[in-house]
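Q: 3D model of this:
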Amino acid sequence: MVGMMLKQLLYSTVVLTAITATPLVEVKWELGYEEGARATFVYHEVLHTALVALGLTALAMSPYLAIRARWRSAFAKMTYLAAVAPWAYVCCSKFAFAYKIQLRAISYISNDDHWHNLVFGFVSYCAIFCLAMEQILHWSLLYHLVTVLSKDWRTHFIIFL
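A: Here you go, the predicted model:
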């Protein structure tokens, strides 16, 4: 069980780091016979971003400890979902910001070879965001089911999923 939790912690941290590591984008204009633009992406402070992602992931996964300890409260559902909210907010807001940056960079590029690479990177970024949304829905559903079901065999079955 601990190994599975560590794998999920690592997976969620990597996904959030990939989404929140917003690049510094430079668009260089080439004037002359063939006018065109070239975009370069530089990622700064990836380690800092990864540490913040690790902290937010640990917060989002903290209800697992309460579930295993059989902690029950009248506000358990609200507490569990509030633990996921910062991770979801950072993920969605950073995705929207980077989405806008990447679309602008693609619109300024006229070189066919470089343009296809940017579109491939953009599609990959959207796929990573889909993985993040799956993780948010997984946590939300798990925490919702644990607080809805009574304490019987179904609760024990869901805990070990």
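Q: From the contact counts, what lies against the longest helix seen in the chain?
A: Ranked by residue count, the top helix of the chain under DSSP state H comes out as helix 112-148. Contacts defined by 3 or more CB pairs under 8 Å, 6 or more residues apart in numbering; DSSP states H and E place helix 112-148 against helix 2-20, strand 36-42, helix 63-68, helix 76-108, helix 153-159. In short, each C-beta sits where N, CA and C put it, glycine included.
Q: The same query, at a cut-off of 7 Å, please.
A: When contacts are defined as 3 or more CB pairs under 7 Å, 6 or more residues apart in numbering; DSSP states H and E, helix 112-148 packs onto helix 2-20, helix 76-108, helix 153-159.
Q: Which of these has the lowest mean pLDDT?
A: For the helices and strands packed on helix 112-148, mean pLDDT drops lowest on helix 153-159, to a mean of 52.
Q: Just give me how far stretch 46-62 sits from the chain centre.
A: Distance, stretch centre to chain centre, for stretch 46-62: 10 Å (CA atoms, centre = their mean, to the nearest Å).
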